[in-house]
Every structure is written in structure tokens, then in C-alpha cells.
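[1] Got a predicted model here, sequence first, then my questions.
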Amino acid sequence: MTITTKKSSDQYAAIILAAGQGRRLRPLTNNLPKCLIEVCGRPILNWQLSALEQNKIKNITIVVGFRNDLIRKYALRNFPGLNLKFVHNPKHATTNTLYSLALAAETDFGNYNILQLNGDVVFNPKIIAMLLKNGREQSCIAANYKKCGKEEIKILLNDNGAIAALNKKVSPKKTVGEAIGINKFSAAFWKSMSKNLLSLKNNFPNEYFEYAVEKTIAEGGKLIPHNISRLDGIEIDFEKDLRLARKVFTSLV
């Protein structure tokens, strides 16, 4: 499948990773995918698709898995103005985000720049606008500059201020903060990263996709952090995250 456009160099496409069940949020996710959990009366997926739509990004691929029927039905019914495509991860119960993103990478996005979102992040739509202002050729990630623990995907910078490492193993003492799961990849960076995703897919199905990001950086790709700490963005892994999001985002409903 190939996405085409008359002005493809000026366009963005989005990929949302929403295949997982969210076991750490059980029993809420016993029969409901994490992306459909409500925050202030709106499913997480609604926050994401609305933010993309507000920023005029209409070509959106959603990687689905657990209860994919519910995700498809909700997205198609509530966002008829978006060009939605769905990629199914049949191994969602036994794989991680690298495998899911690799499935999306099997699509030829042409010269589109890619916005990639983890399906469990609730955020202020202004974060998307901030990333887009970096320009089409610049790859960057939304970074929350803060003190980190063991669980977060942490950011290690090189001497030039670009990202040198992006994983959970980075020492909390050396990191500038965490990646919240909203990333913008230039068309060139995405093409290189796609090759790495596909080459790693079968041997590292349980890795986070950041493993492929790091490989792309090692091959010369440049990725910079964009500090969004003054805006709200929360990745919901645990019930405490959900409680916080429901408190923080009340004012944005």
C-alpha cells in the first residue's frame, strides 16, 4: 500500500500505536483497550485524533490488536473527516511496540513526514503544533524535562544537544527527562528507521520501538528533544497516571 499526494513533501501522516491491552490497568482493561479509557469524559483516542485533526493532519494509521473491533468502530464513527487506516497486530499479546510500528512501516508513506503517537498518551493539542514548528526536515520528540525513575523512556544527550540514547536503561542521573510518546520524524529519518524496524522485527519482537530509533541515530540520523514541560502530556501506564490525567485535563475539556 502506498500513500500518494500531489505535494507529498509538505504533508504529514500520523501513526498511533494502540494494539496493547494495558494489563497494568486491569480490571478497567479486561474488555476495553487502553486507548478507549475515558479521561474527563473522552477516550484517550479521542484526545489524540482531535489533536491531530486540529493541526490539519488527516492521514492517520492506527495499529490495533486487542479488541480492535471497538477501536475501529469508535474512530470511524466519531472522526468521519479523517483518512483512517488500520493495521492489525495479530501478535499483540506477545509483542511490543517495535513489532507494532514495524507493521505500520510496511506501508510506503512516500515523502510524508511522520508523527508517531503511543496510544496511551493524553496531551494538550499545542504539543503537536510545537513539534510541527521545528520544520519538516527536523526530527524531534516531545520531552518532559523532569526527574525520572526506572520506568520512563529516558533521554541522554550528546555534546551537541541531540539525542544519543533513548531507553529505560539510561541512568536517571544522566537524563534530561522522559520521552512522553509523541515523536516527529522527517521523511528521511523515517525511511531509515523503517528499514531498521523491518530488519529488527522478527528477532526483537519484544523490544520497544526506541531500539530502532537508537539504531537510526547510530547510523547518522539526528533527533532532538523538544521540551514540552510547560504543557500537559501524560502517558497512562498505571492507575495513578489515570487519576492524575483526570485531574489535570479537566480544564481542557
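    Sure thing, it's come through.

[2] and the gap between the spatially most central residue of the chain and Ala142?
    For the chain, the residue nearest the mean C-alpha position is Leu117 (1.9 Å; CA atoms, centre = their mean). Computed as CB to CB, to the nearest Å, the Leu117 to Ala142 distance reads 9 Å. In this view, the C-beta of every residue, glycine as well, is placed from N, C-alpha and C.

[3] joint contacts of the two?
    Shared contacts of Leu117 and Ala142 (CB atoms under 8 Å, 6 or more residues apart in numbering): Gly181, Ile182, Asn183.

[4] The stretch 151-253 of the chain: strands as residue ranges?
    For the stretch 151-253 of the chain, applying DSSP state E, counting those that start in this stretch gives strands covering 154-157, 163-167, 178-185, 223-227, 233-235.

[5] Paired strands for the shortest one, with orientation please.
    It refers to strand 233-235. Strand 233-235 pairs in its sheet with strand 121-123 (antiparallel), by DSSP bridges.

[6] now for the strands of the stretch 151-253 of the chain, which one comes closest to Gln138?
    Closest to Gln138 of the strands of the stretch 151-253 of the chain is strand 223-227 (CB to CB; 6.9 Å).

[7] what's next to the closest one, contact-wise?
    Residues outside strand 223-227 that contact it (CB under 8 Å, 6+ apart) are 130-131, 134, 138-145, 155, 157, 161-163, 166, 176-177, 179, 189, 213, 216-217.

[8] can you give me phi and psi for Asn134?
    phi -70, psi -10 (degrees, to the nearest 10).

[9] That one is in contact with Ile128, isn't it?
    No - Asn134 is beyond contact range of Ile128, at 11.4 Å (criterion: CB atoms under 8 Å).

[10] Quick one: residues in contact with the longest helix anywhere in the chain.
    In the chain, taking DSSP state H as the definition, the longest helix is helix 187-200. Applying CB under 8 Å, 6+ apart, the contact partners of helix 187-200 are 9, 98, 101-102, 105-106, 109-114, 136-137, 139, 185, 207, 209, 211-213, 215-216, 219, 221-223.

[11] Go through the shared contacts of Leu117 and Ala142 and name the one nearest Leu82.
    Compare each of the shared contacts of Leu117 and Ala142 with Leu82 using CB to CB and the shortest gap goes to Ile182, at 17.7 Å.

[12] Can you tell me the element the residue nearest to the closest one when sequence neighbours are not counted falls in?
    Distance criterion CB to CB, 6 or more residues apart in numbering; nearest residue to Ile182, sequence neighbours excluded, is Ala142 at 4.0 Å. In the assignment (DSSP states H and E), Ala142 maps to strand 139-144.

[13] For that strand, name the packing helices and strands.
    Using 3 or more CB pairs under 8 Å, 6 or more residues apart in numbering; DSSP states H and E, the elements in contact with strand 139-144 are helix 126-132, strand 178-185, strand 223-227.

[14] any chance of the ones you listed in a markdown table, with mean neighbour count, mean pLDDT and distance to Gly20 too?
    As requested, the helices and strands packed on strand 139-144 are exported to a markdown table (neighbours: other CB atoms under 10 Å; pLDDT from 0 to 100; distance: least, CB to CB, whole Å):
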| stretch | mean neighbour count | mean pLDDT | distance to Gly20 |
| --- | --- | --- | --- |
| helix 126-132 | 19 | 91 | 22 |
| strand 178-185 | 25 | 92 | 12 |
| strand 223-227 | 18 | 92 | 24 |
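
[15] got CSV for those, with distance to Lys150 too?
    What follows is those, written out as CSV (distance: least, CB to CB, whole Å):
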stretch, distance to Lys150
helix 126-132, 25
strand 178-185, 11
strand 223-227, 20
